[in-house]
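Just a sequence and a predicted model for now, questions to come.
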Amino acid sequence: MSRWDWDHFKDLLLLAVAAMLGLPLIGAGLALGMIAFMWIFSLFIPAGGQ
């Protein structure tokens, strides 16, 4: 394996690790955002149309 190949492989590896760590965080952030949005929305519009 040449030096360039190793550098390229390292970059891909870092990218893969970053994706594995980042995607769950992004997913959790979106889920929390949706929950917060629904919660705030429910505060403004009473449940059951009371």
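Perfect, thanks for sending it.

next one: stretch 19-28 to chain centre, how far?
Centroid separation for stretch 19-28 versus its chain: 4 Å, with Cα atoms, centre = their mean, to the nearest Å.

Which residue ranges of the protein form helices?
3-44 (DSSP state H).

so where is it shaky, pLDDT-wise?
Counting by pLDDT under 70, the chain shows low-confidence ranges at 1, 47-50.

residue nearest the centroid of this protein?
When Cα atoms, centre = their mean is applied to the chain, the residue found nearest the centroid is Ile26 (0.9 Å).

Who are the contact partners of it?
Counting by Cβ atoms under 8 Å, 6 or more residues apart in numbering, Ile26 makes contact with nothing. Bear in mind the C-beta positions are built from the backbone N, C-alpha and C, glycine included.

distance of it from Trp39?
20 Å (Cβ to Cβ, to the nearest Å).

Ok, Met20 next?
Counting by Cβ to Cβ - Met20 and Trp39 are separated by 30 Å.

And for Asp11?
From Asp11 to Trp39 the distance is 41 Å (Cβ to Cβ).

what do you get for Leu25?
21 Å.

I'd like the distance between Pro24 and Lys10.
23 Å.

actually Ser2, sorry about that
On the measure of Cβ to Cβ, Ser2 and Lys10 end up 13 Å apart.

what about those two, which has more around it?
Lys10 (10 against 7; other Cβ atoms under 10 Å).

Can you get me a residue count around Ala18?
Around Ala18 there are 10 residues (other Cβ under 10 Å).
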